[in-house]
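Chemist: I would like the atomic coordinates for the input below:
(2 chains)
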Amino acid sequence: MNWGKYVLGALIVAVIVHFAAVFAVPRVLMNVAIERLGAAGVNAWHMSDRVTAASRQIVRPSPDFAYSACAFDLSQGPVTISAAAWRDYWSLSLYAANSDNFFVIDDREAHNGAEITLIQRGAAHPEGASLVAESPSTRGIALIRRLAPTPGTYDAARSVAAGDVCASVAQLRAQN
Amino acid sequence: MLRQILAWIAAVIAGVVLGLGSAWAALQFGGAAFSEQYGRWHFSRAAGSSAADPYTRAIIARAGLLALSAREAVYFSLSEDEQGRPLSESCVYELNGRPLDARWWSVTLYAADNYLAQNTDSAHSVDASRAGNNAPWSIRISPVRGDAQHWLSSREARRGFVVMLRVYNPQRDFRPSEATLPVLTTVSCAGDRP
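Modeler: From the prediction side, this is the model:
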């Protein structure tokens, strides 16, 4: 029996599986995060409770931030994402399905809050949209961080967060 | 014929095991190869950026999913003391830092599983809004507070915990170096001879 071809076969399979696994890891982890965040509804903000030792949704959460997350889904068209202004550091960041941070805006650039129309990369830019961001993937996560290191500032951030919007443009039009 | 089929099945299984094993090892131990080191601090400039290669992306996704890009924030992590030993709950450490060329910073303690230590001390993090960014500061890392002004509780953090430094809105001339980053010193460890 000639073992050479089996060893070669095993090595070829090993190389393919190795690269496939490395490629898949961020996508699988992002998918898990999108599923968890989206369980309560996609294209809607969900503000997480103040970070404590019991917070185990996303690795390495910072207890100094008030986080709001929105699992976005562009399959039904563009999504409007807005963040209300906050008195201290805040940022709005967008993550693609492969975990890349493809867009970020913070209070230095947007003193009065930010409003973004999110579209799939390559799709037509909607008319009248002031700021358009192109997502490389259909699904992903939008995240707002507001610096709020104390229980008092966290509560204030919670009231401000009530003014954030994450909703499909079609849905918003239907409401108006 | 049957022997040949069995041999191929064995070869495929061996290949899958080897592929998964080597991928796991690359992500588990390869972190160092894709990051820069300043003293004991590890830093990856590629965090969150779309230019990250597949390995860096996978390593970051495991340890810091939803991290920000380097323009917005830079992250440093420390998992060893000055002698290269894993950080441990049975030791008392002091972290001494100087003002950083950035708008805000924070230092947070995570247990080995990358979540906050399972204690109720409400001392998981110290940030610039409490310790200031105009003068040198000092944080004690220990299971009990004692007389420390700024304290990170390592209670229930066990062995192998991580101290993470977040630097937000770094200025354009922010250059991390061993001299500018905080310095960790071991004060004492349980079991040390007096």
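Chemist: before we move on, what SS does B:A70 have?
Modeler: In three-state terms, and counting by DSSP: H, G, I helix; E, B strand; the rest coil, B:A70 is coil.
Chemist: what about residue 25, how many residues close to it?
Modeler: With no chain named, the answer covers chain A. For A:V25, the number of neighbouring residues by other Cβ atoms under 10 Å in any protein chain shown comes to 21. From N, CA and C alone the C-beta is placed, and that goes for glycine too.
Chemist: actually chain B
Modeler: Using other Cβ under 10 Å, the number of residues around B:A25 comes to 11.
Chemist: quick one, phi/psi of it?
Modeler: Torsion angles at B:A25 (phi, psi; degrees, to the nearest 10) stand at phi -60, psi -40.
Chemist: do A:R158 as well
Modeler: The phi/psi pair for A:R158 (degrees, to the nearest 10) reads phi -60, psi -40.
Chemist: for chain B, which segments count as helices?
Modeler: Along chain B, counting by DSSP state H, helices occupy B:2-29, B:54-64, B:128-131.
Chemist: and A:S68, which of those is closest to it?
Modeler: helix B:54-64 (18.7 Å; Cβ to Cβ).
Chemist: and that closest one, which residues are buried?
Modeler: Within helix B:54-64, the residues that count as buried by 16 or more other Cβ atoms under 10 Å in any protein chain shown are B:Y55, B:T56, B:R57, B:A58, B:I59, B:I60, B:A61, B:R62, B:A63, B:G64.
Chemist: same question for stretch A:27-43.
Modeler: For stretch A:27-43, the neighbour count (16+ other Cβ under 10 Å) marks A:R27, A:L29, A:M30, A:A33, A:I34, A:L37, A:G38, A:V42, A:N43 as buried.
Chemist: neighbours of A:H125, just the number please.
Modeler: Count around A:H125 with other Cβ under 10 Å applied: 11.
Chemist: quick one: residues contacting the nearest residue to it once chain neighbours are set aside.
Modeler: Nearest non-adjacent residue to A:H125, counting by Cβ to Cβ, 6 or more residues apart in numbering or on different chains: A:V132, 5.1 Å away. By Cβ atoms under 8 Å, 6 or more residues apart in numbering or on different chains, the contact set of A:V132 is A:I116, A:T117, A:L118, A:I119, A:H125, A:P126.
Chemist: hang on, the earlier thing: mind putting the buried residues of stretch A:27-43 in TSV, pLDDT and secondary structure included?
Modeler: Listed next are the buried residues of stretch A:27-43 as TSV, based on pLDDT from 0 to 100; DSSP: H, G, I helix; E, B strand; the rest coil:
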residue	pLDDT	secondary structure
A:R27	95	helix
A:L29	92	helix
A:M30	93	helix
A:A33	90	helix
A:I34	93	helix
A:L37	86	helix
A:G38	84	helix
A:V42	92	coil
A:N43	94	coil
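Chemist: quick check, nearest of these to B:L6?
Modeler: Set against B:L6, the nearest of those by Cβ to Cβ is A:R27 (34.1 Å).
Chemist: surely that closest one meets A:D100?
Modeler: No. At 10.6 Å, A:R27 does not count as touching A:D100 under the criterion of Cβ atoms under 8 Å.
Chemist: coming back round to it: could I get the helices of chain B as JSON lines with mean pLDDT and distance to A:R146?
Modeler: Shown next, in JSON lines, are the helices of chain B (pLDDT from 0 to 100; distance: least, Cβ to Cβ, whole Å):
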{"stretch": "helix B:2-29", "mean pLDDT": "92", "distance to A:R146": "32"}
{"stretch": "helix B:54-64", "mean pLDDT": "82", "distance to A:R146": "19"}
{"stretch": "helix B:128-131", "mean pLDDT": "90", "distance to A:R146": "13"}
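Chemist: low-confidence stretches in chain B?
Modeler: Applying pLDDT under 70 to chain B flags residues B:31-34, B:44-52, B:192-194.
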